[in-house]
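Undergrad: got a predicted structure plus its sequence, pasted below:
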Amino acid sequence: MQNKFSLGIVVILFGLFGCVAQETHKTIAPERVKHSQQPYNGVRIDITIGLFQNRSDYMRGLFSSNSDKLGNQSKTILKTHLQQSNRFNVMDRQNLEGNTQEAERLNLKQNIKGARYTITGNVTEFGRKVTGHKMLFGILGSGKKQSAYAKVSLNVVDVLTSQIVHSVQGAGEYTLSNEELFGFGGSAGYDATLNGKVLNLAIMEAVNNITDDIQNGTWQINK
């Protein structure tokens, strides 16, 4: 009788607490280039984005795929930061065929705008590492740190002369760490998002350098 009573209590408690689903959500404001929030009434430079390739040793081994994931990801990030800087008119050539089809459906003639400059880029350095430590041979606790580092180079090419008229670099490092002490604390597995986060930092720094050079006159723009 007592066992049946105890079992009944367990079933009731499970029904009250064991089937409760929790859902949480939040928005995260992405980082933006520093000139994105500053008013600008000057002339914007017409540009297109050329090749952006991964030239680092990361993901370029014998067993890597033929797809340049880092290069493609970097190109997408670069477009966004250049447009948000308020200093450029970025021409989207990647979707040109699709845009042409839509214009034909509208029975309207396109007026594709040309660009004086093409910006090409490379991921020149990229790496990840995981380091850890133990306190008193792991008795007291342990810690782990995941780090990702990226460096990118951007070249501004004059389409009329094929001359590289300006070059900048940007680098960034992103770190995720966790500590466990006496069994308390968090443990983190491999975080694939670090790749995108560190690329974003490096490219954002490179775009900041370009816009700074325009503002201080280091790069003289040809009209």
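TA: Perfect, I can see it now. Numbering: from 1, shown residues only.
Undergrad: any idea of the mean pLDDT for the helix of greatest length in the chain?
TA: For the chain, the helix with the greatest residue count under DSSP state H is helix 193-215. In this model, helix 193-215 has an average pLDDT of 92.
Undergrad: next: stretch 169-180.
TA: 80.
Undergrad: what residues sit buried inside it?
TA: Judged by neighbour count (16 or more other CB atoms under 10 Å), stretch 169-180 contains these buried residues: 170-172, 174, 176, 180. Backbone N, C-alpha and C define where each C-beta goes, glycine included.
Undergrad: tell me the pLDDT at Gly114?
TA: 92.
Undergrad: just checking, it touches Asp46?
TA: Yes - under the criterion of CB atoms under 8 Å, Gly114 makes contact with Asp46 at 7.1 Å.
Undergrad: more neighbours, these two?
TA: Neighbour totals were compared for Gly114 and Asp46, and Asp46 leads with 15 against 8 (other CB atoms under 10 Å).
Undergrad: list the contacts for that one?
TA: 88-89, 91, 113-117 (CB atoms under 8 Å, 6 or more residues apart in numbering).
Undergrad: picking up where we left off before, helices or strands up against the longest helix of the chain?
TA: helix 69-84, strand 117-135, strand 141-158, strand 164-181 (3 or more CB pairs under 8 Å, 6 or more residues apart in numbering; DSSP states H and E).
Undergrad: helices or strands up against the second one?
TA: Looking back up the chat, that one is strand 117-135. Under the contact rule (3+ CB pairs under 8 Å, 6+ apart), strand 117-135 is packed against strand 45-54, helix 69-84, strand 141-158, strand 164-181, helix 193-215.
Undergrad: what's the closest of those to Arg32?
TA: helix 69-84 (5.6 Å; CB to CB).
Undergrad: quick one: low-confidence parts of this protein?
TA: For the chain, applying pLDDT under 70 flags the ranges 1-22, 61-65, 132-143, 178-191, 223.
Undergrad: was I right to think Gln73 contacts Val198?
TA: No - if you go by CB under 8 Å, Gln73 and Val198 don't touch, sitting 11.0 Å apart.
Undergrad: next one: the residue nearest to Ser56 when sequence neighbours are not counted from Thr120, what distance?
TA: The shortest distance from Ser56 to any residue other than its chain neighbours is 4.0 Å, reached at Phe126 (CB to CB, 6 or more residues apart in numbering). In this view, Phe126 and Thr120 are 17 Å apart by CB to CB, to the nearest Å.
Undergrad: neighbour-wise, which of those two wins?
TA: The neighbour comparison of Phe126 against Thr120 (other CB under 10 Å) goes to Phe126, with 23 against 19.
Undergrad: bridged to that one, which residues?
TA: Ala150 (DSSP bridges).
Undergrad: just checking, it touches Gly71?
TA: No - in this structure, Phe126 is not within contact of Gly71 by CB under 8 Å, at 10.6 Å.
Undergrad: which residues do these two both contact?
TA: Contacts common to Phe126 and Gly71, judged by CB under 8 Å, 6+ apart, are Asn54.
Undergrad: which neighbours do Gly114 and Asp46 have in common?
TA: In contact with both Gly114 and Asp46: Met91, using CB under 8 Å, 6+ apart.
Undergrad: tally of neighbours for the closest residue to Thr100 other than its chain neighbours?
TA: Once flanking residues are discounted, Thr100 sits nearest to Gln110: 6.3 Å by CB to CB, 6+ apart. When neighbours are counted by other CB under 10 Å, Gln110 registers 12.
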